[in-house]
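**Q** Build me a model:
(2 chains)
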Amino acid sequence: MLLSVLSIFLGAILASFVAKKFNKSAGILLAIIPLGSLGYFLSLYEKVRHGEVLAITYSWVDTLNIHLSFYLDGLSMLFVLLILGIGVLILVYSNGYMLHHEGKGKFYSYMLLFMGAMLGLVLAGNLITLYVFWELTGITSFLLIGFKHTEKSARAAALQALLVTELGGLALLTGFIIIGNISNSYEISELLNQHEVLTGHPLYTPMLLLILLGAFTKSAQFPFHFWLPSAMKAPTPVSAYLHSAAMVNAGIYLLARLNPMLGNTDMWQNYVTLFGGITMLAGAYLSLTQKDLKAILAYVTISALGILMMLIGIGTFLSVKAALLYLVVHALYKATLFMTAGTIDETTGTRNIDELGGLWKAMPVTMVASILALLSMAGLPPMLGYISKEFIYEAGKQAPGVSDYVLVCSVLANAFMVAISIIYGYKIFFRKKHLNKPITEAGATFWAGPALLAVFSLILALFPKPLEPLLESALGAVKVVPIKVELKFWHGFNVVFLLSLITVTVGVLLFWGRKQVIPFLEKINARLFKIELAHVFNKTITQLVSLAKKNTSFFQHGYYRIYIMVIFIVASGLVWYQLYRTWTWQFTEGLSPVSYYATAIVVAICVAAVAVAISRSRLVAIITIGVAGFGIALLYMIYGAVDLAITQVFVEVLTLVLFIMIFHKLPAFSKHLSRTSKTRDAVIALTVGVLMAALVIKADHLNLSYPVSNYIAQNSYEEGHGRNIVNVILVDFRAFDTLGEVIVITMASLGIFSLLKIKKSKTTN
Amino acid sequence: MEIIFAIAIGVLYAVSVYLLLRRSIVKLILGIMFLSNATNLLLFTSGGLSKGKPAFIEKGSNVPEPGIADPLPQALILTAIVIGFGIIAFTLVLTYKYYSKTGTEDLDKVQETDQFE
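**A** Purely as a prediction, here's the structure:
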């Protein structure tokens, strides 16, 4: 299982080479990788079907209970088949679609990365593993949405999608950690029997809210739905994949996966159902007034995600069954519709529904595929969508407590769906409209994928038997107990059938009255949605950024000496406070006797230092700094540090030479600061100076531990074979420090060399 | 003697801080020089002062006499002096380069890296 995920990531690495080498067939060639994976998972299908769970665990961070583990049961299998199956078709479709686009290699690479991330997400057997893949899908979708990075709007959409889903991602991580802390495990297999522990815990409410925030942002639930329509800035194959089988389904998968652990509580049912219902209705309603083909489909996706969310929220056998079937239905028709929309866009050059018409003659295959998908979307026979809609109504009818809400919402939403499906099909293919240029059917890679999916959806509706065991095992994974699933068209005359009739009637009526209804709705929307959520979001982000900017420019003002000032004031203030708390002093005991000539040197050093500070002349400053330096060398000499004295003298000489070499190139001291600021700086300087002197006196009576130098001194000759102990330390005991020092000097001289070199080449030019 | 050393260290630190707070870039370099000298002296004093007894092992003996100067701070300071020189040399050349490019020595006029072409 790990291999199958890795192979796709490997494909992502290979993608750019393949795209370069086989320019014309890269998409088809790369589709082989997920196809192989698909074959592998199909071979496991028989096992999973009978309720077997395949789990592998690789040790990762044992101390935190985090493992790289994979877990394949019916639910994962359902998602895996969708991700890989549709992924293969999308790659084939991309082969045609991306043929004349820039940066194909990058595109395929991102696409495969995204696929691998999704695959890992649904196979993860550990919540933290799941989270890692979850974030990976967020990042790769960011790259895909912003693929046309030269367009500002694409960049903005990508950033928006990233920020919204990452917000949820962080919430999700927090929720996972709460789960981990309560139950001491992140393994899904171990958490399955912790339902009482988790739901009974006092932290259940925040935990659930955080996780729901994660799922809602990822699956574009109201009020976070706005990123999904913006995300259609991506190339069409990406939209097709993102909307049908991947990304947005992640939230659905998560909640289905967590249902046995966290579900079946009032809170779960109320929140998830409520938000799902609103999203379903809002998405379907808003799709009616859209003009852009992809925007229409995006809002339908939102609606579909709302339906799925609502059904999982209800959490009965019927509703989960309906959700799983609808998931398949939606993936099939949405991928088809996005691909055909992309084909229409490529051939006609427009995606505006009002500019299209009469394409049935020119693009028969595309037309048939689209119509089949639209029937499925509208929930009409003979498509799989019909069976699934019946399921939804039945689940709604028997939903405990929320039945009325669910039924009203879903009938209304489905009526809108019927209307938009008819409008969509009619306007594009059958309305009489003259197009400016002659249109012909696009190449086989363009229509093969959508046609295959549409026909597949039809066949599955007519002969739904093979789908039953798959759904059964998935349902078994969500509801923990095995249940029979039966798919058929005719359930007899009952309430559900009646609701279907009402839905279709309302939908058709909406279509007949579209000339009156849609402008009316547009008027309402213009009032109702004056405040666009996406706009509000962008504004919030802009304000956050400007706040951060203000904050940064307050602290990072760029005035170098103010930084230094703050550092010195704060540091010395803190140390002064500590000194004040331990206020005892020792001035007499244990001091070495005062030497007069050493004192004279100290006085000379001090005078020289003060002279440097107040001097106006560069020459005086350099000479006096030399006086101080040599003075210190003398002090070293007197107090037994011969090597130090020698080094100090060398360094002083070299520094002086350096200074004098570039002396005439350096600026003269100029007076910049006023008397007050000089006084202020002098006060700060004195505070630090007195503090350091006090610290030296204080530290003189402090012996924290036995000095390590004794050991070194005793062993210098016997182990280091040297009589000069300082030298032995440098070249033997602490030889690596000296090596480091040599490296520092080398770097400095390289830096100096290159600095001077740059100047020379510039002047010769 | 330690107290006199302490005063010297204090004066060196005060001067270096004062110089670091100037707007003139050359004074900043002088400040860095004093800072490293002051710190070296601080380290030296912390090892204890012992006059006229360098950390050598006499010929014919395998261990040093008691009361010699502490060799460890000396080794540390030796490294520090050399590295300090590296820093000063680099900073000096950088300053020279910077001045010949920008024509200003006023640090308050340098607030962003993108300021100069």
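**Q** Starting from the worst-scoring helix or strand of chain A on mean pLDDT, tell me the next helix or strand along the chain.
**A** Across the helices and strands of chain A, mean pLDDT, DSSP states H and E gives its lowest value to helix A:514-528, namely a mean of 75. Following helix A:514-528 in sequence order, the next helix or strand is helix A:533-555 (DSSP states H and E).
**Q** which stretches of the stretch 101-250 of chain A aren't confidently modelled?
**A** For the stretch 101-250 of chain A, no stretch is flagged by pLDDT under 70.
**Q** One more pass at 80, please.
**A** Residues of the stretch 101-250 of chain A meeting the criterion pLDDT under 80: A:101-102, A:244-247.
**Q** can you pull the buried residues of the least confident helix or strand of chain A?
**A** A:514, A:517, A:521 (16 or more other CB atoms under 10 Å in any protein chain shown). Every residue, glycine included, has its C-beta placed from N, CA and C.
**Q** which ones are touching the nearest residue to the second one once chain neighbours are set aside?
**A** The spatial neighbour of residue A:517 that comes closest, neighbours along the chain excluded (CB to CB, 6 or more residues apart in numbering or on different chains), is residue A:510 at 5.9 Å. Residues near residue A:510 by CB atoms under 8 Å, 6 or more residues apart in numbering or on different chains: A:288, A:415-416, A:418-419, A:517.
**Q** Tell me the one of these nearest residue A:631?
**A** Nearest to residue A:631 among the contacts of residue A:510 is residue A:288, at 88.8 Å by CB to CB.
**Q** Just confirm the closest one contacts residue A:419, I think it does.
**A** Yes - the pair residue A:288 and residue A:419 passes the contact test of CB atoms under 8 Å, sitting 6.6 Å apart.
**Q** and those two? which has more neighbours close in?
**A** The residue with more neighbours, out of residue A:288 and residue A:419, is residue A:419; 26 against 20, by other CB atoms under 10 Å in any protein chain shown.
**Q** quick one: pLDDT of that one?
**A** At residue A:419, the model reports a pLDDT of 88.
**Q** now what about stretch A:575-587, what contacts it?
**A** With CB under 8 Å, 6+ apart as the test, stretch A:575-587 has contacts from A:687, A:691, A:694-695, A:697-698, A:700-701, B:3.
**Q** okay, the buried residues of helix A:514-528 in TSV with distance to residue A:229 next?
**A** Below are the buried residues of helix A:514-528 laid out as TSV (distance: CB to CB, whole Å):
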residue	distance to residue A:229
A:514	21
A:517	21
A:521	17
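**Q** Just give me the closest of the residues you listed to residue A:64.
**A** For the buried residues of helix A:514-528, the nearest to residue A:64 is residue A:521 (52.6 Å; CB to CB).
**Q** so what's residue A:60 closest to, chain neighbours aside?
**A** residue A:68 is the one closest to residue A:60 (CB to CB, 6+ apart), at 4.6 Å.
**Q** try residue A:6
**A** In space, residue A:6 is closest to residue A:116, 7.9 Å off (CB to CB, 6+ apart).
**Q** if I read this right, that neighbour contacts residue A:3, doesn't it?
**A** No - using CB under 8 Å, residue A:116 is not in contact with residue A:3; the gap is 11.6 Å.
**Q** Settle it for me: which of the two has more neighbours?
**A** Shown here are residue A:116 and residue A:3; by other CB under 10 Å, residue A:116 has more neighbours (28 against 10).
**Q** need the contact list for the more buried one.
**A** Counting by CB under 8 Å, 6+ apart, residue A:116 touches A:5-6, A:8-9, A:11-12.
**Q** tell me which element the residue in the stretch 501-650 of chain A positioned nearest to chain B is part of?
**A** Nearest residue of the stretch 501-650 of chain A to chain B: residue A:558, at 2.8 Å (CB to the nearest CB). Per DSSP H and E: residue A:558 is located in neither a helix nor a strand.
**Q** any idea how far it lies from residue B:107?
**A** Distance of residue A:558 to residue B:107, given as CB to CB, to the nearest Å: 10 Å.
**Q** And for residue A:462?
**A** Residue A:462 is 81 Å from residue B:107, by CB to CB.
**Q** who's more crowded, the two?
**A** Shown here are residue A:462 and residue B:107; by other CB under 10 Å, residue B:107 has more neighbours (19 against 11).
**Q** Contact partners for the more buried one?
**A** Residue B:107 neighbours (CB under 8 Å, 6+ apart): A:559-561, B:22-25, B:28.
**Q** now with 6 Å?
**A** A:560, B:23, B:25 (CB atoms under 6 Å, 6 or more residues apart in numbering or on different chains).
**Q** Tell me who's in contact with the first one.
**A** By that I understand residue A:560. residue B:107.
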